[in-house]
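>>> Pasted the sequence and its predicted model underneath.
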Amino acid sequence: MDDSKFYKPESAWKIYTSKREDAAQFAREYLNFISGCKTERETVAWVRRALENAGYGKVLAGELYFRELRGKAIFAFRRGDAPLGEGINIIAAHGDSPRLDFKQHPFVETANLVQAKTHYYGGIRKYQWLARPLALRGTIALENGSVLPVSIGDNPGDPVFCVEDLLPHLAQKQGTQKLNEAFEGEKLNIIIAHEPEIEPAEEKSKNPVKKRLLDLLFAKYGVGEEDFITAEMEAVPAGDAKFVGLDESMIGGYGQDDRICVFCGLRALLAAEKPRHSLALMIWDKEEIGSDGASGASSSFFQYCVQDLAEEAKARTSEVFLNSRAVSADVTAALDPDYQDVHEKQNAARLGYGPSFAKYTGSRGKYGASEADAEYFASLRALLNSKGIPWQAAELGKVDLGGGGTVALFLARHGIRVIDLGPALLSMHSPFELSSVADLYATWQAYKAFFED
Ligand code: MN
Ligand code: MN
């Protein structure tokens, strides 16, 4: 049978047969990055250091320029040969990931323990956060204006923290409940301390464990309970990302949504050769909670960055925006081997088949999507084909089964052509997300090709 006219996606493993050592090396560098960047602040700090090392600076008229917003979002710009009015090739990703945030009054002593009450950030499956080591990341701003960064749980010798879980012996009733009812947000309390203070017999403290914890916090960090009211304290999975599989073909770790795209975007920006157009890499915060907030994609920060560049170059901002092309760099769901029924298989992304385009995201009739036009999509398809870079096209899952959005619509708001393109993950939003080494490498290659186009 002549089936040459059929569309056949090709495995990235096959395409990169001769590049497997390069891909493994790239993956080792990526492991180092995601193990070290577990919050939006750490991600932005890493990106900033990499940019500074590559010669990026704060001079607006310079060839290599960056601008940071309060340590939570960052815009990097590389000037091309073409006038700015011809548009910018933009890659935008997000540096935040789902996690457990402390409440403003976190500490409660009960059952001979001190727990920190939390409010989860982003979409999580609550049971995945139980009975596993957690690390703390925090920013404690003191009244005197000084700021104290906190990082406990990932340094050698550090203790870790955890949310406890019910023993199976007493979980029979829970076993009959609906998942959403069985695991409550109010039970995601992080165990912080257990040892009571040594107290004189005559004065019994009602909260001896909390008393000792507060003494410890003051002695170690000089902070009191009130400082936690204004602090950002985030609990994230403890431990490093790892290669997964006997063949080390996958990467397992926290926060790959969307730091895998941050890493590929950053490395593409640094590696792009002789870009004709100017390039921009935008890393936003707050995507996992809807992109609101000053450091999120719906704020005007990105617009200000482009506006200032346009003014400096004596170009019209509207012209720059309307001639720009963007990739919303975010992950999608890979066909789940155990829950294949949530996917419509013909339109599901496969692990190991390269980055996946999402022409639209959203849910219930593409609601909330910024659909890419046929011409733009085809031009990127042609670009990747011309460079022999594997790609696929998929939807997140079955129609009407759920859905999700990305930052694409916030770029589209300016009239910029934009499409989602990023690797597929398994266990997305879990403390241990899974990606393919071949997809990681292919995504980097795709972003680099986009920047060089
Ligand atoms: Mn994402
Ligand atoms: Mn996400």
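It's in. Ligands and ions are numbered 1, 2, ... in the order given.
>>> Kindly list the longest strand within this structure.
For the chain, the strand with the greatest residue count under DSSP state E is strand 99-110.
>>> Next, the buried residues of that one.
Neighbour counts over strand 99-110 (16 or more other CB atoms under 10 Å) mark 99-102, 106-107, 109 as buried. Every residue, glycine included, has its C-beta placed from N, CA and C.
>>> what sits up against that strand?
39, 114-122, 124, 129, 134, 138, 163, 188-190, 192, 207-210, 213-214, 225, 228-236 (CB atoms under 8 Å, 6 or more residues apart in numbering).
>>> list the contacts for the residue in the stretch 351-453 of the chain that ligand 1 sits nearest to?
Nearest residue of the stretch 351-453 of the chain to ligand 1 (CB to the ion) works out as residue 406 at 6.1 Å. Going by CB under 8 Å, 6+ apart, residue 406 touches 287, 328, 330, 358, 361, 420.
>>> so of the residues you listed, which ones are in strands?
The strands, defined by DSSP E, take in 328, 358, 420 from those.
>>> out of these, who has the most neighbours?
residue 328 (31 neighbours; other CB atoms under 10 Å).
>>> low pLDDT regions in the stretch 1-150 of the chain?
1 (pLDDT under 70).
>>> In it, what residue spans correspond to helices?
Using DSSP state H, counting those that start in this stretch, the helices of the stretch 1-150 of the chain run over 12-15, 20-36, 40-53.
>>> what's the helix or strand for the residue most central in space within the chain?
The chain has residue 258 as the residue nearest its centroid, 2.8 Å off, counting by CA atoms, centre = their mean. According to DSSP states H and E, residue 258 maps onto helix 256-271.
>>> For that helix, could you pull out the residues that count as buried?
Buried residues in helix 256-271, counted by 16+ other CB under 10 Å: 256-270.
>>> Name the residues that touch that helix?
The set of residues external to helix 256-271 that reach it, using CB under 8 Å, 6+ apart, is 26, 30, 33-34, 37, 43, 47, 50, 54, 76, 78, 91, 93-95, 97, 241, 279, 281, 283, 287, 329-331, 422-423, 425, 428-429, 433-435, 440, 443-444, 447-448, 450-451.
>>> Please check those and keep the buried ones.
For these, a burial check counting by 16+ other CB under 10 Å picks out 26, 30, 33-34, 37, 43, 47, 50, 76, 78, 91, 93-95, 97, 241, 279, 281, 283, 287, 329-331, 422-423, 425, 428-429, 433-435, 440, 443-444, 447-448, 450-451.
>>> OK, contacts around the residue of the stretch 51-200 of the chain found nearest ligand 1?
For the stretch 51-200 of the chain, the residue closest to ligand 1 is residue 94, as judged by CB to the ion, at 5.7 Å. Applying CB under 8 Å, 6+ apart to residue 94 gives the contacts 40, 258, 262, 283-288, 297, 330, 407.
>>> check contacts around the closest residue to it other than its chain neighbours.
Of all residues not flanking residue 94 in the chain, residue 287 sits nearest, at 3.5 Å (CB to CB, 6 or more residues apart in numbering). By CB under 8 Å, 6+ apart, the residues touching residue 287 are 94, 96, 258, 296-297, 330, 406-407.
>>> From residue 8, how far out is residue 412?
Separation of residue 412 from residue 8 (CB to CB, to the nearest Å) stands at 31 Å.
>>> When these two are compared, which one has more neighbours?
Each of residue 412 and residue 8 has its neighbours counted (other CB under 10 Å); residue 412 has more, 18 against 6.
>>> which residue packs closest to the more buried one, ignoring adjacent ones?
Nearest residue to residue 412, sequence neighbours excluded (CB to CB, 6+ apart): residue 370, at 3.5 Å.
>>> same question, residue 160
For residue 160, the spatially nearest residue (CB to CB, 6+ apart) is residue 133, at 3.9 Å.
>>> Convert the C-alpha atoms of the helix or strand containing residue 181 to CSV, please.
Under the criterion of DSSP H and E, residue 181 resides in helix 179-182. Provided in CSV are the C-alpha atoms of helix 179-182 (Å, rounded to 0.1, in the frame of the first residue of the first chain):
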residue,chain,number,x,y,z
LEU,A,179,-11.6,11.9,46.2
ASN,A,180,-12.4,15.6,46.5
GLU,A,181,-14.0,15.0,49.9
ALA,A,182,-11.5,12.5,51.2
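>>> Helix or strand next in line after that helix, which one?
Of the helices and strands lying after helix 179-182 in sequence (DSSP H and E), the nearest is strand 190-193.
>>> From the contact counts, what lies against that following strand?
Judged by 3 or more CB pairs under 8 Å, 6 or more residues apart in numbering; DSSP states H and E, the packing partners of strand 190-193 are strand 99-110, strand 113-121, helix 208-221.
>>> Please produce TSV containing the ones you listed, extended by distance to ligand 1.
Below are those laid out as TSV (distance: least, CB to the ion, whole Å):
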stretch	distance to ligand 1
strand 99-110	13
strand 113-121	13
helix 208-221	33
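>>> Out of the ones you listed, which is closest to residue 156?
Among the helices and strands packed on strand 190-193, helix 208-221 comes nearest to residue 156, with 17.4 Å by CB to CB.
>>> how far does the closest one sit from the chain's center?
Helix 208-221 sits 33 Å away from the centroid of its parent chain (CA atoms, centre = their mean, to the nearest Å).
>>> Stretch 369-377 now?
Distance, stretch centre to chain centre, for stretch 369-377: 24 Å (CA atoms, centre = their mean).
>>> again with stretch 127-137
18 Å.
>>> So what touches that stretch?
Contacts of stretch 127-137 (CB under 8 Å, 6+ apart): 38-39, 41-42, 100, 120, 150-154, 158, 160-165, 179, 182-183, 188, 190, 233-239, 430-431.
>>> hmm, which of the residues you listed are the buried ones?
Buried among the contacts of stretch 127-137 (16+ other CB under 10 Å): 38-39, 41-42, 100, 120, 150, 152-154, 160-163, 182-183, 188, 190, 233-239, 430-431.
>>> What residue in the stretch 151-300 of the chain comes nearest to ligand 1?
Minimum separation of the stretch 151-300 of the chain from ligand 1 (CB to the ion) falls at residue 258, amounting to 3.9 Å.
>>> Could you tell me how far that residue is located from residue 330?
5 Å.
>>> quick one on the thing from earlier: let's see which of the contacts of residue 287 end up in strands.
Per DSSP E, the subset of the contacts of residue 287 in strands is residue 94.
>>> Which residue ranges make up the domains of this protein?
Following automatic domain parsing, the chain resolves into domains at 12-97+254-452, 99-237.
>>> now do the same end-to-end measure for the first one.
The one in question is domain 12-97+254-452. As for domain 12-97+254-452, its first-to-last residue distance stands at 21 Å under the measure CA to CA, to the nearest Å.
>>> Could you check how far that domain is from the centre of its chain?
With CA atoms, centre = their mean as the basis, domain 12-97+254-452 stands 11 Å off its chain's centre.
>>> quick one on the thing from earlier: quickly note the distance from the residue of the stretch 351-453 of the chain closest to ligand 1 to residue 372.
For residue 406, the distance to residue 372 - CB to CB - is 12 Å.
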